[in-house]
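# Give me a 3D structure for the following:
(one chain, ligands or ions: 1)
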Amino acid sequence: MVSPLSFDALSVDPECLCSIICYYQIVARSSGTVTEVTTFMDCYFPDCERLWINVSLATFDPAVEKPYGLLEDHVLGTRGGRIAAILPRSRADLSGFAGEVIDGQGGLLTPGLIDCHTHLVYGGDRTAEFEKRLQGAGYEEISRAGGGILSTVRATRALDEEELVRQARPRLEALAREGVTTVEIKSGYGLTAEDELKMLRAARKLAGELPVRVRTTLLAAHVVPPEYRARPDDYVDLICGELIPRVAAEGLADAVDVFCESIAFTVNQAERLLRAARESGLGVKVHAEQLSNSGAALLAARCGAWSADHLEFLDEAGAQALRSAGTAAVLLPGPFYFLRGTRKPPVDLLRRLGVPMALATDLNPGTSPLASLRLMMNMGCTLFGLTPEEALAGVTRNAALALGVGDRLGTLAPGRQADLLLWDVAQPAQLVCEVGWGAPRQRVVAGEDTHV
Ligand SMILES: [Zn+2]
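You can find the predicted model right below:
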């Protein structure tokens, strides 16, 4: 009997998602000849601070080739706010582990939910408009009566930053309570340099008040402000020349968005804005093909946009371009439902071409005053024809892509941020089927428990 003599090369077990190299072989040699190979699988958690055991994981990691990226009865370990290790319970050696062990009691761990398209900072409300529309009033009539987006602009301009934060907070709390750990918030109801900056500061301030990661987007090009009606190019100049450099320098926005449509900004104007954003180091996004096919999806792809949003009128060429550019398609069932829309985004086309589909609330006072991402998942299936797996991927992995943070958030994998939700459900689809109850039992952001 020979005893192990030499230590052979370390190799990573392909089945193991552990970031700690844990699979090695001791090769016994006798006079240079291999006589015995002993394989050790010693998965352990030397540096982890917290471990979740007795849980299944819906990882949404493309490397896990199962629906939902599901790993049953696995252990997940975190360290320094990140996921450090994931491995099967049967192979996890917990002996000597001195950190905190959390018994998931058979629950499901998912990534924190991401709402990648909201306008949740605003003043006033549009209830009167809702009532008018129920009585049959159309867009024109509502606009003439002083409603529509410009009524929100007036109300938002009238509030200071503190009051905007105070009014927005309950909306963000509602999202956070049902599991949203990252939210995007757009400006776009100020439409002057100072009012747009005020909105972005309010959005940044909310990040300090609630345990939610906030990504902010400058949407000064939401609509042409009344002051610039006759000279929209001057307003585009103002955004490119003054606003974009300022928000970039002050770190107030992560991205720039534009409403590219005949009633808002042309493709040429939008392209100028997006190029200026890229030159300032900001990400770009486009409200695209919502009311007509204007070529906005092609523009989004050309500019390397993180996302193109709405897309009811997207055609095959536009979808191909999104696919090639790696741009996420953000679908918004909230306004479709609320306005009783009839034109749906081409989900079959997006699915066939493999364009990553995200889902978001579009939370805003006029067309989607609906602060529930769980409801959007449900409506994504019932109204748009997504599968429950697509709906959940749309508020995790693909929503992260839409915010330019796909390398950090939206999946459960070693090295990713430890934003986790522990749910008392038997299967992932339950989170899509059921709405209005069943909040996560545990809500973790950057490895720490959080409460809303
Ligand atoms: Zn929007």
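
# what's around residue 434, how many residues?
Under the neighbour criterion other C-beta atoms under 10 Å, residue 434 is assigned a count of 12. (Each C-beta comes from the backbone N, C-alpha and C, glycine too.)

# so residue 396 sits right up against residue 406, yeah?
No: assessed by C-beta atoms under 8 Å, residue 396 is found out of contact with residue 406, at 10.3 Å.

# So which of the two has more stuff around it?
Just comparing residue 396 and residue 406: by other C-beta under 10 Å the higher neighbour count belongs to residue 396, 28 against 19.

# The more buried one and residue 73: what is the separation?
21 Å (C-beta to C-beta, to the nearest Å).

# same question, residue 187
45 Å.

# Of the two, give the one with the bigger neighbour count.
residue 187 (31 against 15).

# Quick check: pLDDT value at the more buried one.
You'll see residue 187 listed with a pLDDT of 98.

# ok, now which ones touch it?
Residues in contact with residue 187 (C-beta atoms under 8 Å, 6 or more residues apart in numbering) are 121, 196, 199-200, 203, 216-220, 222, 253.

# what about the residue nearest to the spatial centre of the chain, which SS state?
Central residue of the chain (C-alpha atoms, centre = their mean): residue 399, 3.1 Å from the mean position. When classified by DSSP: H, G, I helix; E, B strand; the rest coil, residue 399 comes out as helix.

# okay, now the closest residue to residue 360 other than its chain neighbours: neighbour count?
Leaving aside its sequence neighbours, residue 360 sits nearest to residue 117 (C-beta to C-beta, 6 or more residues apart in numbering; 3.6 Å). For residue 117, the count of nearby residues is 31 (other C-beta under 10 Å).

# Need phi/psi at residue 117.
With angles defined as degrees, to the nearest 10, residue 117 sits at phi -160, psi 100.

# wait, isn't it in contact with residue 361?
Yes: in this structure, residue 117 is within contact of residue 361 by C-beta under 8 Å, at 7.2 Å.

# Overlap in contacts, these two.
Joint contacts of residue 117 and residue 361 (C-beta under 8 Å, 6+ apart) are residue 332.

# In contact with the residue nearest to residue 360, which residues?
With C-beta under 8 Å, 6+ apart, residue 117 has these contacts: 184, 186, 307, 309, 330, 332, 358, 360-362, 402.

# with those in mind, which one is nearest to residue 156?
residue 186 (12.0 Å; C-beta to C-beta).

# What are the neighbouring residues in contact with the closest one?
By C-beta under 8 Å, 6+ apart, the contact set of residue 186 is 117-119, 216-219, 222, 257.

# mind running it again at 6 Å?
By C-beta atoms under 6 Å, 6 or more residues apart in numbering, the residues touching residue 186 are 119, 217, 219, 257.

# quick one: it from residue 301, how far?
Residue 186 is 21 Å from residue 301, by C-beta to C-beta.
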